[in-house]
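1. take a look and give me a structure for this.
(one chain, ligands or ions: 1)
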Amino acid sequence: MKVASFTIDHDKLLRGIYVSRKDKVGSEVVTTFDVRFKRPNIEPCMDIAAIHTLEHLMAVYLREDEKWADKIIYVGPMGCRTGMYIIFKGDLSPKDVLEPIANSVKYVIDFEGKIPATTSKECGNYLDHNLNFAKWECKKFYDEVLTNIKDENMIYPN
Ligand SMILES: [Zn+2]
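-> The predicted structure follows:
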């Protein structure tokens, strides 16, 4: 199966929540979402420490969300630092996961205190975090994209 997100035109890609791919695992389907915080190659990508903090906090939120915890397989940053990959159990659309993803972004915006799993035992680069930048990225994405999400923010460009 080809990786949809490698064949899309990144010059036309907007911010949003897209289906990167669907895979069959036995009789089940898992859906990988491209949660794109930044317009690739048009605006600066996320700071490394900010996206690292985003990874920790979004993963914690989604793995504890009552309704979604058992459907979350993976939460991780894209190497290009323009977004996150989130893998869910099930054959899902962006509209299906808008609520838990928006809630995880809100969780980062409102988060106060010590970032979870940031001891040297728990994290491979535990000093490399930036909560304020993570909050800033989340607020921008939430206010400018998630609160008024359109089809063009959920369907890859042709
Ligand atoms: Zn870490």
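2. rest of the way, CA atoms for contacts and neighbours
-> Will do.
3. OK, contacts around Lys12?
-> Pro157 (C-alpha atoms under 8 Å, 6 or more residues apart in numbering).
4. just checking, it is part of a helix?
-> No - Lys12: not assigned to a helix; according to DSSP: H, G, I helix; E, B strand; the rest coil it is coil.
5. distance-wise, check it relative to Ser20.
-> 15 Å (C-alpha to C-alpha, to the nearest Å).
6. my guess is Pro157 contacts Ile8, does it?
-> Yes - the criterion here is C-alpha atoms under 8 Å, and Pro157 meets it with Ile8 at 7.0 Å.
7. which parts of stretch 19-33 are buried?
-> 19-22, 30-33 (16 or more other C-alpha atoms under 10 Å).
8. touching it from outside, list them.
-> So stretch 19-33 is contacted by 3-5, 17-18, 34, 85-94, 154-155 (C-alpha under 8 Å, 6+ apart).
9. which regions of this protein lie under the pLDDT threshold?
-> Residues of the chain meeting the criterion pLDDT under 70: 1-6.
10. quick one: the strands in it?
-> Per DSSP state E, the chain carries strands over the ranges 16-25, 28-36, 72-77, 83-89.
11. rebuild these as JSON lines, extending it with distance to Val145.
-> Putting the strands of the chain into JSON lines (distance: least, C-alpha to C-alpha, whole Å) gives the following:
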{"stretch": "strand 16-25", "distance to Val145": "6"}
{"stretch": "strand 28-36", "distance to Val145": "10"}
{"stretch": "strand 72-77", "distance to Val145": "19"}
{"stretch": "strand 83-89", "distance to Val145": "13"}
